[in-house]
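Enquirer: What follows is a predicted protein model with its sequence.
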Amino acid sequence: MESIDWSNLSFGYMPTDYNVRCIYKDGKWGDITVTNSQTFEIHMAATCLHYGQEAFEGMKAFRGKDGKIRIFRMDENAARLQSSCRGIMMPELPTEKFNEAILTVVKKNERFVPPYESGASLYIRPLLIGTSAQVGVKPAKEYLFLVFVTPVGPYFKEGFKPTPMAILRQYDRAAPLGTGRYKVGGNYAASLVAGEKAHDMGYSAVLYLDAKEKKYIDECGPANFFGIRGNSYITPKSTSILPSITNKSLMQLAEDLGMTVEVRQIPEEEIATFDEAGACGTAAVISPIARIDDLDENKSYIFSKDGKPGPICEKLYHKLRAIQYGDEPDTHNWVTIVE
Ligand code: PLP
Ligand code: COI
């Protein structure tokens with residue numbers, strides 16, 4: 001513990017002291033329990049193992065200059081998990097139960113919340129799975145909700161530095177009327193081959209086009225996409241992308257800065273007109289995009305030549321982080337202080 005190098009953490013798993021769990025059985029959710037076991041036993045015919053009845057969330061807790069721990073937009077994650085549950089027929093976890101679990105697990109692992117100066121944070125990973133046996137393709141009757149935490153640094157190892165992304169038309173992550181809008185494991189399994197291929201070629205992520213027409217921008221692997229043109233913040237409208245809580249927050253911050261926010265389909269060619277582009281998400285925060293290579297059409301869209309983020313990305317990034325770490329007033333009521 002004493003040896004954690006907080007400033008040089010990567011986005012990986014490190015064991016912490018406790019995780020919390022809650023079981024759904026006989027039509028109701030039970031009490032939250034705390035454990036130090038990092039494993040659990042599961043029936044070999046559990047629906048999460050065979051039919052992908054699994055949804056997760058990703059959120060972060062931050063330690064401020066004042067020593068207080070702040071959790072960002074917890075209610076939004078509770079609501080999105082409920083939406084994922086509806087999407088794959090799992091029982092919804094009530095928001096109060098979700099919040100109680102998050103506050104408990106963060107408090108219990110308080111010593112793993114990185115110090116303010118490190119710029120790192122505590123990643124919170126809620127998980128909900130179907131656990132009872134089923135061989136026919138049907139939802140389970142019993143479920144496990146679990147939350148673990150682990151201290152993390154930047155998702156893309158470059159941190160807040162522009163990285164290149166690739167368009168690869170041979171792969172889809174999610175279908176237009178499929179599960180892309182839910183945070184379910186199957187979407188991530190579907191993205192592994194393309195993601196590894198892109199990494200092997202030196203890209204930090206795949207920029208997906210819409211699966212039907214391959215015409216409009218969808219999202220960037222594990223993050224939403226936004227572009228900046230003049231005074232506009234432009235981000236895709238699509239039924240196959242995850243509604244990002246970071247993106248929603250950046251849209252509000254962009255508006256606060258007097259920018260115009262446009263949520264609409266973005267034809268690929270339009271990105272040629274953007275001054276800046278970025279990927280955004282809990283893990284990614286803002287990861288500015290240096291260049292997008294369309295590998296099928298041999299085209300490149302360049303956003304940063306000098307290795308530096310653009311001025312709007314820079315402004316939005318600092319604004320968001322300042323609210324998360326408590327350096328600026330939380331005027332939108334996004335932060336829950338862990339007492
Ligand atoms: N898109 C995908 C596919 C993601 O996995 C994530 C990460 O959660 C995001 C977007 C960003 O969402 P959020 O800002 O809520 O973390
Ligand atoms: C997040 O940003 O929280 C994510 O879940 C992205 C990725 C690690 C799956």
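Expert: That came through, no problem. Note that the coordinates shown come from a computational prediction; the quantities given were computed from them, not determined experimentally. Numbers count the residues shown, from 1 in each chain. Ligands and ions are numbered 1, 2, ... in the order given.

Enquirer: Every contact and neighbour count from this point should use C-alpha atoms.
Expert: OK.

Enquirer: Near ligand 1, which residues of the stretch 51-200 of the chain? Just list them.
Expert: With CA under 6 Å from any ligand atom as the criterion, the stretch 51-200 of the chain meets ligand 1 at residues G58.

Enquirer: Relative to ligand 1, which residue of the stretch 51-200 of the chain is the closest?
Expert: Proximity of the stretch 51-200 of the chain to ligand 1 (CA to the nearest ligand atom) peaks at G58, 5.5 Å away.

Enquirer: Name the residues of the stretch 201-339 of the chain found near ligand 1, please.
Expert: Contact residues, the stretch 201-339 of the chain versus ligand 1 (CA under 6 Å from any ligand atom): G221, P222, A223, N224, L242, S244, I245, T246, N247, G281, T282.

Enquirer: looking only at pLDDT, what's the mean for stretch 61-79?
Expert: Mean pLDDT, computed over stretch 61-79, is 98.

Enquirer: Does that stretch reach ligand 2?
Expert: No: using CA under 6 Å from any ligand atom, we find that stretch 61-79 stays clear of ligand 2, coming within 10.0 Å at best.

Enquirer: Repeat that for stretch 201-216.
Expert: No: applying CA under 6 Å from any ligand atom, one finds stretch 201-216 separated from ligand 2 by no less than 11.4 Å.

Enquirer: I'd like the distance between the residue nearest to L168 when sequence neighbours are not counted and V206.
Expert: Nearest residue to L168, sequence neighbours excluded (CA to CA, 6 or more residues apart in numbering): L295, at 6.2 Å. According to CA to CA, to the nearest Å, L295 and V206 sit 11 Å apart.

Enquirer: Residues that sit against both of those two, list them.
Expert: Counting by CA atoms under 8 Å, 6 or more residues apart in numbering, the residues touching both L295 and V206 are A166, I167, L168.

Enquirer: Show me the one in those that has more neighbours than the rest.
Expert: A166 (26 neighbours; other CA atoms under 10 Å).

Enquirer: Isn't it up against Y203?
Expert: Yes: counting by CA atoms under 8 Å, A166 touches Y203, with 6.4 Å between them.

Enquirer: show me the contacts for the closest residue to ligand 2 within the stretch 101-250 of the chain.
Expert: Residue nearest to ligand 2 within the stretch 101-250 of the chain (CA to the nearest ligand atom): P222, separated by 4.6 Å. By CA under 8 Å, 6+ apart, the contact set of P222 is A205, G281, A284.

Enquirer: Spatially nearest residue to R264 (excluding sequence neighbours)?
Expert: Leaving aside its chain neighbours, R264 sits nearest to K237 (4.5 Å; criterion: CA to CA, 6+ apart).

Enquirer: Wait, that neighbour touches V261, no?
Expert: No: with contact defined as CA under 8 Å, K237 does not count as touching V261 (12.0 Å).

Enquirer: and which of the residues of the stretch 201-339 of the chain next to ligand 1 is nearest to S83?
Expert: L242 (10.9 Å; CA to CA).

Enquirer: Which secondary structure element is home to that closest one?
Expert: Following DSSP states H and E, one finds L242 outside all helices and strands.

Enquirer: Neighbours of the residue of the stretch 1-150 of the chain at minimum distance from ligand 2, how many?
Expert: In the stretch 1-150 of the chain, the residue found nearest to ligand 2 is G58; the distance is 3.4 Å by CA to the nearest ligand atom. Residues near G58, counting by other CA under 10 Å, number 17.

Enquirer: backbone phi and psi for it, please?
Expert: phi -140, psi 120 (degrees, to the nearest 10).

Enquirer: so who does it touch?
Expert: For G58, the contacting residues are N77, Y123, I124, R125, P126, T282, A283, by CA under 8 Å, 6+ apart.

Enquirer: One more pass at 6 Å, please.
Expert: Applying CA atoms under 6 Å, 6 or more residues apart in numbering, one finds that G58 lies in contact with I124, R125.

Enquirer: Identify the residues contacting the residue lying closest to D294 once chain neighbours are set aside.
Expert: Excluding its sequence neighbours, the residue lying closest to D294 (CA to CA, 6+ apart) is I167, at 4.7 Å. Going by CA under 6 Å, 6+ apart, I167 touches V206, L207, D294.

Enquirer: go with 10 Å
Expert: By CA atoms under 10 Å, 6 or more residues apart in numbering, the residues touching I167 are 194, 198, 205-209, 217, 220, 268, 292-297, 299-300.

Enquirer: now I286
Expert: 159-162, 223-226, 246-247, 250, 277-280, 309, 313-314, 316-318, 320-321.

Enquirer: Drop anything exposed from these.
Expert: With neighbours counted by 16 or more other CA atoms under 10 Å, these contain buried members at 159-162, 223-226, 246-247, 250, 277-280, 309, 313, 316-317, 320-321.

Enquirer: re earlier: settle it for me: which of L295 and V206 has more neighbours?
Expert: V206 (27 against 12).

Enquirer: shared neighbours, A166 and Y203?
Expert: G195, K197, R291, I292, D293.

Enquirer: What subset of these is buried?
Expert: Using 16+ other CA under 10 Å, the buried ones in the shared contacts of A166 and Y203 are G195, R291, I292, D293.
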